[in-house]
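Student: Fold the following for me, if possible:
(2 chains)
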Amino acid sequence: MAIHAREILEKIRNGTLTEEERILVESWYLQMERGQSLEHPPEAFVDALEEIRAGIRTEEFATRDRNRQPWYYAAAALFLVGSIYFFYRPVPARKTHLAQAVVKQDLDPGTDKATLTLSDGSKIELGTGIQVEKLSREAQALILNQSGKLIYKANPDKSSSSETPYNQITTPKGGQYKLVLSDGTQVWLNAASSLRFPVRFDAAARQVELSGEAYFEVSKMHIPFLVKTKNQEIKVLGTHFDVNSYTDETSTRTTLLEGSVEVHPLRSNKGGQMSGTMLRPGQQSVLDAGSLTIRPVDVQEEVAWKNGSISFVNADIQSIMRQVSRWYNVDVVYSGEIPVRLFTGSISRNARLSELLTILKLSKINFSIKGRQLTVSP
Amino acid sequence: MSGYTAISDLELSLLLKSGDAAAFSEIYRRYSARLLVHASNKLQDLEEAKDVVHEVFFCLWNKRTELRIHSNLSGYLYAATRNKILDRFAHSKVKCAYEASLQKFLEEGDCITDQAVREHELRNLIEDEIAALPAKMRKVFEFSRKDSYSHREISALLNISEETVKKQVHNALKILKIKLTAFLF
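Tutor: Purely as a prediction, here's the structure:
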C-alpha cells in the first residue's frame, strides 16, 4: 500500500497522472495539513515580489531566448543573467572587418555601496556586507542599514520645532543604494549620484536635493514632495518617477511612471522663472539649456537601471559609455574617429564589463581596458 | 497606466494575449502576493516559493499568445501555482513526509470529484490563508493593491472631483474596448 503514494509522486514527476489520479492529488492538496506560518518579515516578501517581477522581461525588443538562465542559478545575482539582446540600426553599407575586442583585463559591475554624511558632518560607509545595523546617531530618527537599503524611521516622540537635520547619501561610480525616507518614500539612487534629505519630514513640505539619477516612489500624502536638482524643481503628490540629472549629460530628464508631477525649471532662457509643466504617466520632460520639452517614452526603458539592467534605445556610443563609466567605474577615452551609429540593447547590470563589450564589439567597435581606463576606437 | 486597475480580469487576459506588457504587470500586481504567500506556506520555504511564483508568471508571459481566454484568470493562476507546488513535492528531498501524508489521504480521505468544486475550494483555501495573516503582513498586499484606489481616494489625492475621476476611468475603458474590438474582429 505504501507503494501506491510513492507511485503517484513518481507520476507527478513524470507528468503521467491519469484523470483519476489527478482528482486524488488535487483533493489531497486541498486537505493537507496546514504548515506553520513562515517567520520572514513582510519586507522579505515585498523584496521577493520585486525581484521576481524584475526577472521577467516584457520589453518589446527582439530577443534571443536561448541563453536564458534561471535567475536562481546565478550566484548571488538578483536578476536574469544571460538575457542579452541587441540590434543596431545600420549605417549605409560599408565593409568593415570584425573588430577584435582586446580585453586583457575584465571589470566587475557595480555593487550596493554609498557614503552617508550625517548632520554633524561625520561620514559612514555603507555596503552590503552589513546585515542590519542601527545607525541611530540622529535624534529625530532611527536609521537602519539593511543589505543595500537605508531606512529612516522618524522617532514619534521627537517632534521638535528646532532646525531639522539633513543627511546626505552619495554613491560613488560603481555604486548604487536604496533609501527609505521617514515618510515611507522609496528612493533608488544610481551610480555617481547624491541625495540630500531631512532626517525627518515636517508637516509643511517634503523636500530633497538630488544630483545624478534617482528613481522615486513617493508616499501618497497631502504634503507635496519636492525634488530639487541643479536646474529644476519637481513637485509631486504621490507617484513613481525617475530623475536623471547628471551634470555630464546635456539635459535633465524626468520620467513619470504613475501619478502626476509638476516640473519647474529654475532658470529659463526667456529670463525669469518658468511656470510649472504638468507631466502625465508615460511622459518625460527634457530640460536642456533652460528649454523644457515633453515627449512620450517607454518608461520601463528609462528605469531599467533600477530593475537591474543597463539599457539603451537609439543611443549613440557616447551616452552608452557614460552609463558604463558610472556603473563600472571606468574612465572612457576615445581614440580615432568613432562612427556615428545608434544602438538599442539591454544587459543585466550584474554582467561583467567584458560581456557588455562583447555585444558592442559585434557592431565593429574596438575596446581595450588598462587598469580603470577603457579606450574606444573604430 | 492607472486606468488598468479598473479593468476586469477578463479584459486584462485579452490584453495580455495581444501582447500588452502593462496588462501583464497589472495581473502580476493583483495576484503575485497571494500566490507567494500560499506557495511559501505550502513549501515552508520562501526561496522555493519565489521559484514557483517566478515560473508561474514567466510561463504566463511567454505563453501569452497561446492563452485560451480564461473567464477565470485567478482560477488559472491558482491552479498553475498548485501544479508547480505538486511538482516540487514530487522532487523534494523530504519526499517521505509528503508520501506519508498522501498515503494517509489515499486510505482515509475524501475525493472531490467535481473539478469546479476543487477549483472553488482552492480559491477558498488561498483566500483563507490571506485572511489569517498577521497585520504586519498586510504590507505585502499593499504591494499588490497600492494602486487600486477608489474613485473617492483618487479624487482626494489629486484634488479633482470624483466626477472627473470617473470620467477618466470611463475614458480609459472606452479606449480599451475599442482596442479589444479591433483585436477580436
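Student: ok, A:Lys220 to chain B distance?
Tutor: 6 Å (CB to the nearest CB, to the nearest Å). Placement of C-beta: from N, CA and C, glycine included.
Student: tell me the SS of that residue?
Tutor: Following DSSP: H, G, I helix; E, B strand; the rest coil, the label given to A:Lys220 is coil.
Student: Tell me how many other residues crowd it.
Tutor: Neighbour count for A:Lys220, taken as other CB atoms under 10 Å in any protein chain shown: 22.
Student: ok, it to A:Ile151 distance?
Tutor: Counting by CB to CB, to the nearest Å, the gap from A:Lys220 to A:Ile151 is 19 Å.
Student: Same check on B:Ala80?
Tutor: Taken as CB to CB, the span from B:Ala80 to A:Ile151 is 35 Å.
Student: The two: who's more crowded?
Tutor: In terms of neighbours (other CB under 10 Å), A:Ile151 is the more surrounded of B:Ala80 and A:Ile151; the figures are 20 against 17.
Student: For that one, give me phi and psi.
Tutor: Taking degrees, to the nearest 10, you get phi -120, psi 130 for the backbone angles of A:Ile151.
Student: Look up the pLDDT of it for me, please.
Tutor: Confidence at A:Ile151, expressed as pLDDT, is 86.
Student: Is the closest residue to chain B within the stretch 251-378 of chain A in a helix, a strand, or coil?
Tutor: Proximity to chain B, evaluated over the stretch 251-378 of chain A using CB to the nearest CB, is greatest for A:Pro281 at 4.6 Å. With three-state DSSP as the basis, A:Pro281 sits in coil.
Student: Am I right that it is in contact with A:Gly259?
Tutor: Yes - here A:Pro281 reaches A:Gly259: they are 7.1 Å apart, a contact under CB atoms under 8 Å.
Student: which element is B:Phe58 on?
Tutor: Using DSSP states H and E, B:Phe58 falls within helix B:46-62.
Student: picking that back up, for the residue of the stretch 251-378 of chain A closest to chain B, grab the count of nearby residues.
Tutor: 19.
Student: Ok, A:Leu24 next?
Tutor: With other CB under 10 Å as criterion, A:Leu24 counts 22.
Student: Check which helix or strand it maps to.
Tutor: A:Leu24 belongs to helix A:19-31, assigned by DSSP H and E.
Student: any idea of the pLDDT on A:Gln69?
Tutor: 38.
Student: again but with B:Arg145, I slipped
Tutor: 48.
Student: same question, A:Ala54
Tutor: pLDDT at A:Ala54 comes out at 80.
Student: Quickly note the distance from it to A:Gly148.
Tutor: 14 Å.
Student: neighbours around the closest residue in space to A:Asp106 that isn't next to it in sequence, how many?
Tutor: Nearest residue to A:Asp106, sequence neighbours excluded (CB to CB, 6 or more residues apart in numbering or on different chains): A:Ser354, at 4.5 Å. Residues near A:Ser354, counting by other CB under 10 Å, number 15.
Student: a strand runs through A:Ser354, doesn't it?
Tutor: No - counting by three-state DSSP, A:Ser354 falls outside a strand, being helix.
Student: That one and B:Ile130: what is the separation?
Tutor: Distance from A:Ser354 to B:Ile130, counting by CB to CB: 46 Å.
Student: How about B:Lys104?
Tutor: 27 Å.
Student: ok, now B:Ser92?
Tutor: 25 Å.
Student: so what's the residue nearest to the spatial centre of chain B closest to, chain neighbours aside?
Tutor: Centroid-nearest residue in chain B: B:Tyr31, 2.8 Å away (criterion: CA atoms, centre = their mean). Distance criterion CB to CB, 6+ apart; nearest residue to B:Tyr31, sequence neighbours excluded, is B:Leu77 at 5.2 Å.
Student: who's in contact with that neighbour?
Tutor: By CB atoms under 8 Å, 6 or more residues apart in numbering or on different chains, the contact set of B:Leu77 is B:Ile27, B:Tyr31, B:Leu35, B:Val56, B:Leu60.
Student: With A:Ile317 instead?
Tutor: Neighbouring residues of A:Ile317 by CB under 8 Å, 6+ apart: A:Ile338, A:Arg341, A:Phe343, A:Leu360, A:Ile365, A:Val376.
Student: Just those residues: which are in helices?
Tutor: Judged by DSSP state H, those include A:Leu360 as members of helices.
Student: Please dump the contacts of A:Ile317 into a markdown table; it should also carry neighbour count for every row.
Tutor: As requested, the contacts of A:Ile317 are exported to a markdown table (neighbours: other CB atoms under 10 Å in any protein chain shown):
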| residue | neighbour count |
| --- | --- |
| A:Ile338 | 16 |
| A:Arg341 | 15 |
| A:Phe343 | 20 |
| A:Leu360 | 23 |
| A:Ile365 | 19 |
| A:Val376 | 21 |
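Student: and which of the contacts of A:Ile317 is nearest to B:Met137?
Tutor: B:Met137 has its nearest neighbour among these in A:Phe343, at 44.0 Å by CB to CB.
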